[in-house]
Each structure stands twice: as structure tokens, then as C-alpha cells.
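Participant: below: sequence and its predicted model.
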Number of protein chains: 2
Amino acid sequence: MVVVGGGFGGLYAARALAGRPVRVTLLDRRNHHLFQPLLYQVATAALNPSDIATPLRSVLRHAKNITVLLAEVERVDLPARRLVLDRGEIGYDALILAAGAGHSYFGHEDWEVLAPSLKSLEDALEIRRRVLLAYESAEREPDGAEQQALLTFVVVGGGPTGVELAGALAEISRQTIARDFRLIDPTRARIVLLEGGERVLASFPETLSRRAQDSLQRIGVEVRTRAIVTGVTADAVWLGGEQIRARTVLWAAGVAAAPLARTLGVTLDRSGRVPVEPDLSIPGHPDAFAIGDMSLYRTREGTVLPGLAPVAMQQGTHAADNALRRLDGRPTRAFHYRDRGTMATIGRASAVAVVGGVQLSGLPAWLAWLLVHIMFLIGFRNRFLVLFEWAWAYLSWQRGARLITGPWRGRG
Amino acid sequence: MVVVGGGFGGLYAARALAGRPVRVTLLDRRNHHLFQPLLYQVATAALNPSDIATPLRSVLRHAKNITVLLAEVERVDLPARRLVLDRGEIGYDALILAAGAGHSYFGHEDWEVLAPSLKSLEDALEIRRRVLLAYESAEREPDGAEQQALLTFVVVGGGPTGVELAGALAEISRQTIARDFRLIDPTRARIVLLEGGERVLASFPETLSRRAQDSLQRIGVEVRTRAIVTGVTADAVWLGGEQIRARTVLWAAGVAAAPLARTLGVTLDRSGRVPVEPDLSIPGHPDAFAIGDMSLYRTREGTVLPGLAPVAMQQGTHAADNALRRLDGRPTRAFHYRDRGTMATIGRASAVAVVGGVQLSGLPAWLAWLLVHIMFLIGFRNRFLVLFEWAWAYLSWQRGARLITGPWRGRG
């Protein structure tokens, strides 16, 4: 059996297959599982890459029936039951595809270099670099208008990632570095959150959207709804005729499934996702399953499951079971999502959450958020380090990973 | 007053100037002070970048007379008392140059891409990437000879950095990842340490050199002395007519002062260092001081001070004092180095040290090494995290930062 992808879907599938009577190969082009829900904290200098990433090999060390290979899957040949890799090929009897998704630039892929989005550790480090460098450049900038553009940060997209990024950017400006500069006042920085729809956190109940928006505004984020981005340049974002001068633009809008989906030869939805059968298999290919963000699962009630970690985890475990059933000649079972809640954090002691049907906001929501995220982190070491970093940040108002690294050349 | 460089020399100079009646600008092209002695631990996945790096701004936050600017100094105009930056210029009444040094490829600068050396966080992450990728590629390699080349790691240079790197590479192979692969046996990896001279750790007493060599061999490092590298290619190191096939070559030999020294218009030594007066000033320029690795200080006894952190720290404090004396019209004082000892670590519970004239090796030397390195780390947070990582690594035989990050492209 082959599992493609070591995110939440692939890793939970692999864990469910550990020790079972089947030989499994897990393919990923990274050597680590990434705890995506905390990636924005790496981008905003609160956590280190390795606090939220664990080598897949070490997570699966004791699963002797599982081989982890660092490989890029270029194409899936469903009829021939084989995968074309960056080097070589691999056949399968059963397949679980969990290659994830990225953000969509809605046909403006050229905006990506100007407004990076947040999917990998490299993205997070690049965003961290841009944000911290903007303040450094502003400190050296004599021109007032240019300085203001350097101190303007625009986040596009008011979903959980956008809200969390904007909140963290406001904290950096108002707290972390408030007293670190001599020539600029970092607390003057403008943080703008642009949402195309009616409200931020559209997947949450309306009350919580409103509370989140209030909380964001209280910590200094300008929230603009019904704001459709029509252009991005190196120093501005355009909303129709209106220009917001900004040197740093971050993208947290839209969904685009992994391009691998396009090689399957099946019909995809508008976001490039694979619509799957009730048992998570790909239509017409009962031995191949697609799960997590790259798939589209419609419940019996007709609603589409959101692209959240818990969905991917539950689908991973379920697809592993169904794949084993197929190999044994037993009938597969339909997938049912157990919704245990959703949450998004805004800042210090501030979050919104729906847990077991109950709406929470403020400190209780934040504590729930904290607990859940620590629980699902892989490994004691990461849990301990993240708890320490959070405690330290909470008490010192500082951030532990304020490093600018990246493309410098030369030595001396 | 201007201080160039935020390493040990520059930072200790800035700290000595904090709160004094002088306006100071500290220039560095990085935003962080880097604790170089532990950089090899980032390169070998034991520590995180931010464990050993601290933003210069936050270290100097309370020194209101000091402005930190992220800037690259391109040229020093000593007669005109000004520095040409990547953008703009800055004048000074007194100057402290502490731009550091890199490794020397002895005229073979083209080897640098093939055999990276270790000076910055980017270098460390690139080395970590190469080392971890070598094992990943070996796991996928069908050809036996190529697989062995992927599992051969050559370290050039038997000084402290080379010894520490080789020791850590042996630990990775023999312990950390010993059970993580299915198709290769990581403990079969060859670690070769090449030293051009008679013995490793040549700056240490001969007994300790021999002990270090024995310890290295015991943990699986092939140590070769009088081994002069005559060529480096993408898959081999040449020693005259002899070829060692290796996909990973790390460079820890030679010293080359920062290229900035060449813009001073003074005579430099063979390694490009600035020979300084007894008071650390640059000959003919009593208001400009050069300290740390970019300078060459000859004691009254005629010996040259080594390029070590304690030398740079003491010179930083001393140069700050002398610079203030010059501004006040008082005579400067000659520098005297207080040698409190040197040490190098080899591996788990294994090190060599000379402390207060006493030679130590094995566990006592390792404990002394541990204590000193924790003491000199900047900030409680980093001390705590490094201690935690070390304790965790010691007890679990694991390494906390086994991530391959770097140049990937595409998404999904």
C-alpha cells in the first residue's frame, strides 16, 4: 500500500496502518510532518520551525511495516496502479492520497511573489523575514511616505489563518518590538485585514465573527469586509480604484488543491479538489482514496466538509481501515465526520471557539484553543517547548524567534 | 561612535558603551547576535537557530544611547572618518571594527559551493540540509557505490569546529537515526576527518590532541592527519592521487578575515587580518580600533592571540574603554588577554579542556564545556532552552531539529 503525503491525513492513515499485516510506503517531499495550525506562529516569530515539525521517520520509527521515502510524486496513473516519482516509479495495490492544498490567487498567480501565502516552513520563514525586515528598513528610511508604506502590513483573507496572522502582526507592533527602535515608533504600524465577504471567520456563527472583529479592532487591526483585491504591486494593494500603500502583503485567501489532483484524470471541483465517494474512494477507482484538503467530501445532508485538521485526521484513520478492507475483500464503510468544534485565536488571551455546540470567546476560548493545540502536537518534546515558549511570551511580552535569515550572500 | 559587527567583539563593545555619555550606532547586516561556538549544533540538528541567536535590538533595548541599524558596510574611509554603507554613509568620531572572519579555501574559492563552511545560521541550515538529505537519498539509491558515497561524510580541518562537526556526525549516524531507515543501515556511514597538520586540535597540549583523536576514533570517526586536500568535486575529495568518494564535504579549515579589512588601506597579514597596536587601534588611526577575528594581536611575548570568543569579548570591552578615552583626550591603555582556558567537545560526555592551566578530558571536560557555554549564552530564555534540548538529547539519544528546509519550489 502507498500513502502520499505526511500531513494530518497521511500521518493518521500511516499510524492506523502501523503494525497491521500490510507493507506500506509513505511518500512525502518533506522529511517532516508539519503542525499547520501553528504555522502562523512561526511566521510571526513566536515559535521555531522544529517546535511544530517532527521528522516523519522518527514518528514512524517503530512501525517496521512502514517505509518512509523522501520523494516528489509527479503523476498518479490510476488505471495502471502506479505513481511516477521525481526519480523512478512505484506500484500499489491500494492507495491513499493526502497531498493537501495551498492558497488560490484566483488566476493571479503572479501575485504570489509579492504576497506570499503560508503553507510550508519555508513560507513561514520568508514571511517572518519580510515582516521583521520591514521594520529594519523603516528605521533606515528617510522618506516619510515610504516609511509609512514599510510600516503597513496587509493581510488578504479573513479566514482563521488571516485573522491569526493579523492579530499576531498587531501584537508584534504594539508589544514585542514597541521599545526596540530609536528612529521609528513601531506602534504606529498599520495592520489591515481585507476580507472579500460580509464578515471575517465566515465559517463561524455570526456572533463570534462580530466578536472576533471587535477583538481585532481593539488590538489595532483595521478590518475591512467586502474588500475585493483587484491588484497587488511591490508597494501597494488595490481595491478597485483605491490604493493602500504597503510593502508587506500576506495572502490567506482561497483554496487550491495540490496540483497532483490534476494528474488523476477525474473531474475536479473549482478549487481543484477530488470529489470522493462516501467511503472516501476516488469515483471509479475503489482501491484509491483521497482525503484531507485535496478532496471534496459531501455529507448525506449535502454540506461540504471544511479543510480542517480534524477532518483530515479522521479521514486518514478511516481511509486506512477501508484500504485494508479492500485488500481483504471486505466491503468498505462510509465516512462520518464527528465535529468536535472549531476555533481561531486572535491574540493574547483572545480567541473564538465552538466546542460541542457551545460558543466561546475571550479567555475561555483562548484556553480551549491552547489546550487542544498542545494535545494534538506530536511528541512530548514539542509539547513541552511550545508550552515553554508560550509561557515565556505571555510573561515577557516577547517572541522567541525574531531572526531574519535567508538570502544573504558573501561572508566576513 | 560607530561599532561595526554584532558578534562577540562588537556586542561586548556595545554593552560596555551602554549608558555612557556617547551616542553609538551599531551596524550589522544581520539582526541577531550569533553564539558561534554552538553553531555546529545547529548544523547537526541538535539546536534551533533561535536557541543560539538573539536580536541585537532586544539585547540592547535598554541602552537608549545605542541605535542598532541593519546595514552592510561596504567600505571604511579611515582618513575621512566615514563608512560607506549599502545605502548611504555614516561618519564617526571613533570607530570599533569587529566584522569577524570566515574560513579560507586557500585560493580555491570554487570549492565553497561543494564544501560549505560554517559561519552563519544560513550555513548551518544548509549543512543540516545536506547531511539529512544524504541519508534520505541513500535510502532511495539502488546503486551500491553511489549509496556508499552518499553515506560518506568528509570534514576538512581538525581544529575545534572540525572536531566538533565530525563528532556530531558520528553521533547522528550511530545513535540518532540508527533505527530510522528500512533499506540502509545508517551506522555504516563513514565519517572522515582530514587534518593537514601533525595532529588535531593543534592549539591544545599534545596529550589532549591524542585523547581527542582516540575519542573520535572510538565513536567511529576516521581521523587522518597530514592529509592535504588537493581537490574537491561534487562526489569526491582528492588527497593527491588518492580519491575519497563522498557526496557531503564540510570545510572547517583556514581563516580569512572579513573582506571589509581590505578596504582599510593598511597592510594585512596572510589571512587578511588587521595587525593592531597594543591598544587595539589600527596603525596610524588612533581613533579606529579593530578587534576579534578580523584583527591580529601580537602579545609582548610575540605570540598571536587565537580567534576565540573570549579574546573578542575582552577586546570589545577594552576597545570601548579606549575609544571613550580618545574622545575624552585621555591616553589609551594596552590590551592584555586573560586566558581563562580553551575547550572543545567531541561527543556525548566527551571533551578536552585546558582550564586555569589544568588539562581535563572525558566527562569532567564535558561538564566544564557545558557550564561555560550555558553561562555565556545571552539571555535566560536561550539558556533554558539549550539546557532543555541538551537534557532531552542526552536522555533520549535524539536530536530536536532534524528538519530539512530550503530550496523547494511549487506547492500542494
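Facilitator: Okay, I see it. Numbering: from 1, shown residues only, chains lettered A, B, ... in the order given.
Participant: with just CA atoms, put the lowest-mean-pLDDT helix or strand in chain A into PDB.
Facilitator: Lowest mean confidence among the helices and strands of chain A (mean pLDDT, DSSP states H and E): helix A:380-396, at a mean of 74. The C-alpha coordinates for helix A:380-396 follow below in PDB (Å, rounded to 0.1, in the frame of the first residue of the first chain):
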ATOM      1  CA  PHE A 380       6.500  15.300  24.300                       C
ATOM      2  CA  ARG A 381       9.400  17.400  23.300                       C
ATOM      3  CA  ASN A 382       7.400  19.700  21.000                       C
ATOM      4  CA  ARG A 383       4.600  20.000  23.500                       C
ATOM      5  CA  PHE A 384       7.000  21.000  26.200                       C
ATOM      6  CA  LEU A 385       8.800  23.500  24.100                       C
ATOM      7  CA  VAL A 386       5.700  25.100  22.700                       C
ATOM      8  CA  LEU A 387       4.300  25.400  26.200                       C
ATOM      9  CA  PHE A 388       7.500  27.000  27.400                       C
ATOM     10  CA  GLU A 389       7.600  29.400  24.500                       C
ATOM     11  CA  TRP A 390       4.000  30.400  25.100                       C
ATOM     12  CA  ALA A 391       4.500  30.900  28.800                       C
ATOM     13  CA  TRP A 392       7.700  32.900  28.200                       C
ATOM     14  CA  ALA A 393       5.900  35.000  25.600                       C
ATOM     15  CA  TYR A 394       2.900  35.600  27.800                       C
ATOM     16  CA  LEU A 395       5.000  36.700  30.800                       C
ATOM     17  CA  SER A 396       7.700  38.700  29.000                       C
END
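Participant: look up how far residue A:325 lies from the residue of the stretch 251-400 of chain A found nearest chain B.
Facilitator: Per CB to the nearest CB, residue A:258 is where the stretch 251-400 of chain A lies closest to chain B, at 2.9 Å. For glycine as for every other residue, the C-beta is placed from the backbone atoms N, C-alpha and C. Taking CB to CB, to the nearest Å as the measure, residue A:258 and residue A:325 are separated by 26 Å.
Participant: those two: who's more crowded?
Facilitator: Neighbours per residue (other CB atoms under 10 Å in any protein chain shown) separate residue A:258 from residue A:325, with residue A:258 holding more: 25 against 15.
Participant: would stretch A:188-202 count as contacting chain B?
Facilitator: No - contact of stretch A:188-202 with chain B (CB under 8 Å from any CB of the partner chain) is absent, the minimum separation being 15.3 Å.
Participant: only alpha carbons, please: show that stretch as CSV.
Facilitator: Taking Å, rounded to 0.1, in the frame of the first residue of the first chain, the C-alpha atoms of stretch A:188-202 are listed here in CSV:
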residue,chain,number,x,y,z
ARG,A,188,2.3,53.4,14.5
ALA,A,189,2.4,50.5,12.1
ARG,A,190,-0.9,49.9,10.2
ILE,A,191,-2.2,46.3,10.1
VAL,A,192,-5.0,45.9,7.6
LEU,A,193,-7.1,42.8,7.2
LEU,A,194,-9.1,42.5,4.0
GLU,A,195,-12.0,40.1,3.6
GLY,A,196,-13.9,39.8,0.4
GLY,A,197,-17.1,38.5,2.0
GLU,A,198,-19.6,40.0,4.5
ARG,A,199,-17.7,39.0,7.7
VAL,A,200,-14.4,37.5,9.0
LEU,A,201,-14.4,33.9,10.1
ALA,A,202,-17.4,33.2,7.8
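Participant: now it: average pLDDT?
Facilitator: Per-residue pLDDT over stretch A:188-202 has a mean of 97.
Participant: could you pull out the buried residues of that stretch?
Facilitator: Under the neighbour-count criterion of 16 or more other CB atoms under 10 Å in any protein chain shown, stretch A:188-202 has A:189-196, A:199-201 buried.
Participant: among those residues, which two are most distant?
Facilitator: A:189 and A:199 (24.5 Å; CB to CB).
Participant: burial count for residue A:87?
Facilitator: Neighbours of residue A:87 using other CB under 10 Å come to 11.
Participant: quick one on the thing from earlier: so which other helices or strands are in contact with the least confident helix or strand of chain A?
Facilitator: helix A:362-376, helix B:380-396 (3 or more CB pairs under 8 Å, 6 or more residues apart in numbering or on different chains; DSSP states H and E).
Participant: out of the ones you listed, which gets nearest to residue B:69?
Facilitator: Per CB to CB, nearest to residue B:69 of those: helix B:380-396, 23.4 Å.
Participant: quick one, helices of chain A?
Facilitator: For chain A, the helices defined by DSSP state H occupy A:8-17, A:39-43, A:56-59, A:121-140, A:144-150, A:160-171, A:206-218, A:309-328, A:362-376, A:380-396.
Participant: distance of residue A:81 relative to chain B?
Facilitator: 20 Å (CB to the nearest CB, to the nearest Å).
Participant: OK, contacts around that residue?
Facilitator: Residue A:81 is in contact with A:91-93, A:95, A:287, counting by CB atoms under 8 Å, 6 or more residues apart in numbering or on different chains.
Participant: so what's residue A:144 scoring on pLDDT?
Facilitator: 94.
Participant: neighbours of it, how many?
Facilitator: There are 8 residues near residue A:144, going by other CB under 10 Å.
Participant: picking up where we left off before, now distance to residue B:299 too, for the helices of chain A, in TSV please.
Facilitator: Conversion of these to TSV gives the following (distance: least, CB to CB, whole Å):
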stretch	distance to residue B:299
helix A:8-17	59
helix A:39-43	47
helix A:56-59	49
helix A:121-140	39
helix A:144-150	48
helix A:160-171	51
helix A:206-218	61
helix A:309-328	61
helix A:362-376	55
helix A:380-396	42
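Participant: worst mean pLDDT among those helices?
Facilitator: Lowest mean pLDDT of those: helix A:380-396, a mean of 74.
Participant: compare the helices and strands packed on helix A:380-396 and give me the one nearest residue A:170.
Facilitator: helix A:362-376 (15.4 Å).
Participant: other residues contacting the closest one?
Facilitator: A:35, A:37-38, A:211, A:215, A:309, A:343-345, A:349-353, A:355, A:360, A:383, A:386-387, A:390.
Participant: mind listing what's buried along that helix?
Facilitator: A:365-366, A:368-370, A:372-373.
Participant: by how many degrees do that helix and helix A:309-328 diverge?
Facilitator: 30 degrees (axes from the mean of the first three to the mean of the last three CA atoms, to 10 degrees).
Participant: could you give the angle of helix A:362-376 to helix A:206-218?
Facilitator: Going by the same axes, to 10 degrees, helix A:362-376 makes 100 degrees with helix A:206-218.
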